[in-house]
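Trainee: The sequence isn't on hand, but the structure is:
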């Protein structure tokens, strides 16, 4: 019996620090909770910085409901490397004939290969009345005789 008591005292001292303070045991449960905490913090931080970009990209993809049609000149056009159903996402720099003169706008829009403008060509665009920076490419402008 005396041997059992000594073993219990040794076991009781395994988890203590000098001065009698108890040491917190690191278990699988605490490791998992640490991992879950790190993942959750990463998700929250990622959403805080990434969500506004996603929302603005979704806003840019919505159709312009209250806009006016005008002509523009293609200054520069290039592929972004992204395709959707084999339709490339294009980066187009346009010189828009606006009500107050001309201004340059850069847009990103999916354009099928049969409707692809070249630099220097005139195109039809729709400009959002509430946000004139939002422009949608509609196609090639009719040639003037």
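Mentor: Yes, it's here. Note that the structure is a prediction, hence the values are computed from the model and not measured. Numbering: from 1, shown residues only.

Trainee: State the mean pLDDT of the helix or strand that contains residue 44.
Mentor: Using DSSP states H and E, residue 44 sits within helix 28-61. Here helix 28-61 scores 72 as its mean pLDDT.

Trainee: I'd like the distance between residue 70 and residue 47.
Mentor: Distance of residue 70 to residue 47, given as CB to CB, to the nearest Å: 38 Å. Every C-beta, even on glycine, is put in place using the N, C-alpha and C of the backbone.

Trainee: In this structure, which strand is the longest?
Mentor: Longest strand in the chain by number of residues (criterion: DSSP state E): strand 67-84.

Trainee: For it, list every residue counted as buried.
Mentor: 67, 72-74, 77 (16 or more other CB atoms under 10 Å).

Trainee: partners of it in the sheet?
Mentor: strand 87-98 (antiparallel), strand 122-128 (antiparallel) (DSSP bridges).

Trainee: export these to JSON lines and tack on mean neighbour count?
Mentor: Below are the strands paired with strand 67-84 laid out as JSON lines (neighbours: other CB atoms under 10 Å):
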{"stretch": "strand 87-98", "mean neighbour count": "17"}
{"stretch": "strand 122-128", "mean neighbour count": "19"}
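
Trainee: Nearest to residue 107 among those would be which one?
Mentor: strand 87-98 (5.3 Å; CB to CB).

Trainee: Run the chain-centre distance for stretch 87-107.
Mentor: 22 Å (CA atoms, centre = their mean, to the nearest Å).

Trainee: Residue 133 touches residue 103, doesn't it?
Mentor: No: using CB atoms under 8 Å, residue 133 makes no contact with residue 103, being 9.4 Å away.
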